[in-house]
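A.B. asks: Next input, structure requested:
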Amino acid sequence: MRKEIKLAGFGGQGIILMGVLLAQAAGYFEDKEVAQTQSYGPEARGGACRAEVVISDELIDYTKTLNPDIFVAMSQPAFDKYINDINPETAEVFVDKTLVTNIPETIKHLHRIPATKLAEEKCGNKMVANTIMLAALVKQTNLITIEALKSAIVNQLPPKMQDINLKAIDTALDYYKQ
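C.D. replies: Sure, this is the predicted structure:
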């Protein structure tokens, strides 16, 4: 099993952190082979930002995504820039419906998550929209377990950021119970 994930948005939205957490959860806590790469513009905060993660049960021979199985867009410009890299028939596409509104009808597996809205209203901090989106991805794809994601958060983030990010995971899970 080889799964390719492309995550995209603006710098400052935690796109790189999403990639790191996903790779760490899969590699450290689920004993899978992982490769994680990232790219961002010189502006950093506010500029284009992308992270790619490859998760496999076998050794990874190429670390880039060739045909992403999963695409996450946290901004309309990121969606517009990378949507042509995915197969609209097969890819699972996750968008922050608060920020991505112009979506072609050809996408068969579309998940519209109000990540920024949930982060602001339920967590009191829009900076955890990335964690809400990542938890939604995990919940919908079963790529890794929620427990592995929580372990990665505790392992990777400073103590003062752990509680709000764990709350963001619970917020995403509650969203799916509605």
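A.B. asks: Every contact and neighbour count from this point should use C-alpha atoms.
C.D. replies: OK.
A.B. asks: wait, doesn't H109 sit right on I86?
C.D. replies: No - the pair H109 / I86 is not scored as a contact, 11.5 Å apart, by CA atoms under 8 Å.
A.B. asks: So which of these two has more stuff around it?
C.D. replies: I86 (20 against 14; other CA atoms under 10 Å).
A.B. asks: For the more buried one, give its distance to Q38.
C.D. replies: 18 Å (CA to CA, to the nearest Å).
A.B. asks: tell me the contacts of G14?
C.D. replies: Residues in contact with G14, defined by CA atoms under 8 Å, 6 or more residues apart in numbering, are 127, 130.
A.B. asks: swap the cut-off to 7 Å and go again
C.D. replies: Residues in contact with G14 (CA atoms under 7 Å, 6 or more residues apart in numbering) are N130.
A.B. asks: Kindly provide the distance from it to K167.
C.D. replies: In terms of CA to CA, G14 sits 16 Å off from K167.
A.B. asks: got it, and P77?
C.D. replies: Applying CA to CA to P77 and K167 gives a distance of 28 Å.
A.B. asks: which secondary structure elements does the longest helix anywhere in the chain contact?
C.D. replies: Across the chain, the longest stretch assigned as helix under DSSP state H is helix 159-177. Under the contact definition 3 or more CA pairs under 7 Å, 6 or more residues apart in numbering; DSSP states H and E, helix 159-177 sits against helix 129-141, helix 146-156.
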